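S.K.: sequence and predicted model, in that order:
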Amino acid sequence: MKHATKLISGLLAGLTALLLTACVAPHPAQPNTTKDLQSAILWPEGYVPGTTDNFVTNEVIVAGLSAADVWPLLADATRWPSYYANSADVRFYDGKGPVLAQGDRFFFKTFGFPVEAQVTEYVPPGKGRPGRVAWHGWAGEPGTPQRLDVIHAWLVEDLPGGRVRILTQESQKGEPAKALASSKPNIMINGHQDWLTGLVAAARKAGPRSTASRPLQ
C-alpha cells in the first residue's frame, strides 16, 4: 500500500510539473500578416452599408496585373463603354474629363438609368497606397418615387505576390433601389461583376504599364 501511494504521488508530481511548463512556455510566433491587410471603402454620412435601401459589393483579386495597369482604364470614364457594355453616352460638364477628378460633374447611362454624377473622392494609387474613386450618382426628380441616389465607390490596390485587388461597392437610396435589391438574379451584382471582368480583361490586353515611364493619371 505504501509503495502504491508513493507511485501515485510521483505521477501527480510529474503531471503537475508538465502542466506548469506548458503554461509558462512561450507560444510560437504568429506569422506577420500585416502586408496582407486589405483596405476598405470610405463611406460618406448617409450611405453607410446596411443603412440604405440597397447595397452591393463585388471584388476580384488577380495575379499578373498591378494597380498601375488597371487605374487608367477606370479613371478615364470615356473608356468604360469599350469594356463594359452596360455603360454608354459618357460626357463631362464644364470642359472637364475624360479623366475623373475631385468634384467633376459628368453623365452616363447604366442599368437603364440616365445618371447625373459628381466625383466625391479621387486618389490615384501610389506606393503603399490604394487608388480610390467614388461618385454620387442620381436619377429622377427629387421627392418623386423615381428618384435614385447612389454612392458608387472603387478601390484598387496592389497585394503581395504580384496581385491586384479591385473592389467596387454601391450604396443606394430610393424606391428604385428597393426594386433593385429584390431582383432575382440580382441585377446590380451581376452587372458590376461584368464591369470587373471587363476591366481585368482590358488591362491584360493593354499589357503591363511601367509606372516609371508612364505616370498614373
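M.R.: Cool, got the structure. Remember, predicted model here, so these are calculated numbers, not experimental data.
S.K.: count of neighbours near S171?
M.R.: If you count neighbours by other Cβ atoms under 10 Å, S171 ends up with 25. To be clear about C-beta, it is placed using only N, CA and C from the backbone, and glycine gets the same treatment.
S.K.: I figured it hits T52, correct?
M.R.: Yes: shown here, S171 and T52 form a contact pair, counting by Cβ atoms under 8 Å, at 4.7 Å.
S.K.: and P81, which of the three is it?
M.R.: helix (DSSP: H, G, I helix; E, B strand; the rest coil).
S.K.: mind checking pLDDT for it?
M.R.: According to the prediction, P81 has pLDDT 98.
S.K.: quick one: residues contacting it.
M.R.: By Cβ atoms under 8 Å, 6 or more residues apart in numbering, P81 lies in contact with S87, A88, V90.
S.K.: let's see it at 6 Å
M.R.: Shown in contact with P81 (Cβ atoms under 6 Å, 6 or more residues apart in numbering): S87, A88.
S.K.: separation between it and P208?
M.R.: From P81 across to P208, the span is 24 Å (Cβ to Cβ, to the nearest Å).
S.K.: part of a strand, is V90?
M.R.: Yes: counting by three-state DSSP, V90 falls inside a strand.
S.K.: quick check: closest non-adjacent residue to it.
M.R.: In space, and not counting its chain neighbours, V90 is closest to F108: 4.4 Å by Cβ to Cβ, 6 or more residues apart in numbering.
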